[in-house]
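Visitor: Give me the fold of what follows.
(chains A and B)
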Amino acid sequence: MDTPTRRATSSIDPALLASIVKGDQQAFGQLYDHSSTLLYTLAFRILGNRDEAAELLQDVYLEVWRKVARYDIGRGTPIAWLITLTRSRAIDRLRARAVRGQNATLQLDEAVSSGVADLGPSPYETQADQELRIAVGNAITGLPPAQQQAIELAYYEGLSHVEIAARLNQPLGTVKTRIKLGMSKLRESLRRSWEQGDIG
Amino acid sequence: MTHDELEEAVPLYAAGALDRVERQALEAHLLSGCQSCRTALKDYQSVASLLPFGLSPTQAPRALKSKVMAARNPDPIAIDNLLKESGRPSLEPGEWMNHLFPPIAPARSLSLPWAAGVASVLLVSLAGYVFWTYSTRLSDDAMKIQQLEATVADQSTKIAMLKRDLSFRDRSLADLQIEMQRKANDATEIKSQLLDREVELETTREQLNAAMRGKVPQDEFAALLRRPDAKVVSLAASDVAKGASGVLLYNPVTQKVWLYSANLPECPTGTAYQLWAIDQRPVSVGTFHIDAGEMAHLLVKRLPEFEKARKFAVSLEPAGGRPQPTGPIYLAGQRPS
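Guide: Numbers count the residues shown, from 1 in each chain, chains lettered A, B, ... in the order given. Predicted coordinates for the structure are as follows:
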């Protein structure tokens, strides 16, 4: 799976998806190889359970296989589409779990930390992915902790700003401002990294 | 929601922090074609989709790939079949753009074996005129069905958009109703204040009339002079007011005192005469002013406590009077026992 010709997850070629639309199974296998680590990491971060993350990923890839024709490059990169789909399905599952009355925190089979990467190298990623991970990690850790926390509660736990305000016992306006400022700072800092050539 | 509020909601939308109603309001706004919000959303969605890249990578289980590959259906669903799938009642998170940019149908897959195509061409040519007529009709029907299905899909999309638009307007209407109620409350408040003012005005007018009546007391004064029970206190001038004199009359029925003063000196600017009724301590009865050339002055005030007072005096005080006498005494007299 980690072949020397492996593409960075962040730059999956849209042509790969076009091939899958035509039923190209090899292309589908390549898409899996290029994206599964990131999507599994995301699913695991949201669900906090390895088996459930694997189950979810299987559903996601089947949905991708069935509905790949829906992908439109005008709406974003292939990986952005896959991330949106994975996040959305994982949050659905998280909510369904909450409705069933299971306490999400008791389901963790191991500690899932704040979601910020340790910045050491990983044997499973390309250099471009590693650079991107470091740039995004730095952008996130560069935020004030309260802004980081509010964005992570929204993005990884699927909480609305009202729910976040209740969870943190903070005024609604404060939570909204934290998310707005945090997203805006992330945008600026990632834009800077992009311009300096750290990522791209 | 105003445009500014909607624009502010864009980063929250991208982070997934809006609740359903807010999300739908923003989606309706985006569908209405606001370019600046669309651009901002694209920016923030790019940021949001980069967030997972910051996580420490966790490798998926090795067996997962073979499971995924084995569980697939034989073929991906073609785009026109996707469009025919039963429409969901609302947008999935982040999928609003489906409605803005409906996916373009790709060229059909050339997956049918070429030989089968040739065979079917041969079959058709062998079928003859009757079969040709029949198949033409079938193909017409299929086309019509396809057109109808496309129309239904199109209408469903329009209905969904209209529903969203309607819910957006419902919210605007509710906001307007709240605003209207607030304005109505304000109007009621102002009306009530106006009524208060009218009452105050009426009271002031009555007081003014009473004061005016006080200044034209001839009839009442004449009646007082005829009353056998009228009390009279004579006030004598002090050294500072040589030549001045005063007389105080009291009507026990109206409980008014009448101070008639003569030859008091003119009040210097910023001063006034003040009449005091004195029992244990002096109590102010009222003030009056003597202008240049004014020889006599009549002051009329209610004084129910007249009987309690033993002495009366007039002093010169700063304009408006003082709670206790501070200036020189000009007139003074004692009530006959």
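Visitor: As CSV, could you dump the C-alpha coordinates of stretch A:158-165?
Guide: Taking C-alpha atoms only, stretch A:158-165 is exported to CSV below (Å, rounded to 0.1, in the frame of the first residue of the first chain):
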residue,chain,number,x,y,z
GLY,A,158,-21.0,17.6,15.9
LEU,A,159,-22.3,20.0,18.7
SER,A,160,-24.1,23.2,17.6
HIS,A,161,-22.9,26.4,19.2
VAL,A,162,-26.0,26.3,21.5
GLU,A,163,-24.9,22.8,22.7
ILE,A,164,-21.3,23.9,23.1
ALA,A,165,-22.4,26.9,25.2
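Visitor: what's the offset of that stretch from the middle of its chain?
Guide: The chain centre lies 19 Å from the centre of stretch A:158-165; the measure is Cα atoms, centre = their mean, to the nearest Å.
Visitor: Report the secondary structure state of residue 163.
Guide: Here I'm looking at chain A. Here residue A:163 is helix, with the state taken from DSSP: H, G, I helix; E, B strand; the rest coil.
Visitor: not what I meant, chain B
Guide: Under three-state DSSP, residue B:163 falls in the helix class.
Visitor: What is the burial count for it?
Guide: Residue B:163 has 14 neighbours, counted by other Cβ atoms under 10 Å in any protein chain shown. Where you see a C-beta, it was placed from the backbone N, CA and C, and this is true even at glycine.
Visitor: average pLDDT across stretch B:164-172?
Guide: Mean per-residue pLDDT for stretch B:164-172: 85.
Visitor: how close does the residue nearest in space to the middle of chain B get to residue B:2?
Guide: Most central in chain B under Cα atoms, centre = their mean is residue B:182, positioned 5.7 Å from the mean C-alpha point. Using Cβ to Cβ, to the nearest Å, residue B:182 is found at 16 Å from residue B:2.
Visitor: One more: residue B:191?
Guide: Between residue B:191 and residue B:2 the computed distance is 30 Å (Cβ to Cβ).
Visitor: Would you mind listing where chain A has pLDDT under the threshold?
Guide: A:1-7, A:101-125, A:198-200 (pLDDT under 70).
Visitor: Nearest spatial neighbour of the residue in it sticking out farthest from the centre, chain-adjacent residues omitted?
Guide: What lies farthest from the middle of chain A is residue A:171; by Cα atoms, centre = their mean that is 27.7 Å. Using Cβ to Cβ, 6 or more residues apart in numbering or on different chains and skipping residues adjacent in sequence, the residue nearest residue A:171 is residue A:165, 6.6 Å away.
Visitor: likewise residue B:22?
Guide: Nearest residue to residue B:22, sequence neighbours excluded (Cβ to Cβ, 6+ apart): residue B:9, at 6.1 Å.
Visitor: hmm, back to that, and the residue nearest to the centre of chain B, what element?
Guide: Assessed by DSSP states H and E, residue B:182 sits inside helix B:114-215.
Visitor: Check which helices and strands that helix is in contact with.
Guide: Under the contact criterion of 3 or more Cβ pairs under 8 Å, 6 or more residues apart in numbering or on different chains; DSSP states H and E, helix B:114-215 touches helix B:20-31, helix B:79-84, helix B:97-100.
Visitor: measure residue B:45 to residue A:53 for me?
Guide: Distance of residue B:45 to residue A:53, given as Cβ to Cβ: 23 Å.
Visitor: typo on my end, it should be residue B:327
Guide: Plainly put, residue B:327 is 96 Å away from residue A:53 if you go by Cβ to Cβ.
Visitor: More neighbours: these two, which one.
Guide: residue A:53 (26 against 15).
Visitor: quick one: the more buried one from chain B, how far?
Guide: 8 Å (Cβ to the nearest Cβ, to the nearest Å).
Visitor: wait, what's in contact with that residue?
Guide: Going by Cβ atoms under 8 Å, 6 or more residues apart in numbering or on different chains, residue A:53 touches A:40, A:43-44, A:47, A:90, B:60.
Visitor: can you list those in JSON lines and add neighbour count, distance to residue A:131 and secondary structure?
Guide: Shown next, in JSON lines, are the contacts of residue A:53 (neighbours: other Cβ atoms under 10 Å in any protein chain shown; distance: Cβ to Cβ, whole Å; DSSP: H, G, I helix; E, B strand; the rest coil):
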{"residue": "A:40", "neighbour count": "23", "distance to residue A:131": "21", "secondary structure": "helix"}
{"residue": "A:43", "neighbour count": "29", "distance to residue A:131": "23", "secondary structure": "helix"}
{"residue": "A:44", "neighbour count": "23", "distance to residue A:131": "22", "secondary structure": "helix"}
{"residue": "A:47", "neighbour count": "25", "distance to residue A:131": "27", "secondary structure": "helix"}
{"residue": "A:90", "neighbour count": "25", "distance to residue A:131": "26", "secondary structure": "helix"}
{"residue": "B:60", "neighbour count": "26", "distance to residue A:131": "22", "secondary structure": "coil"}
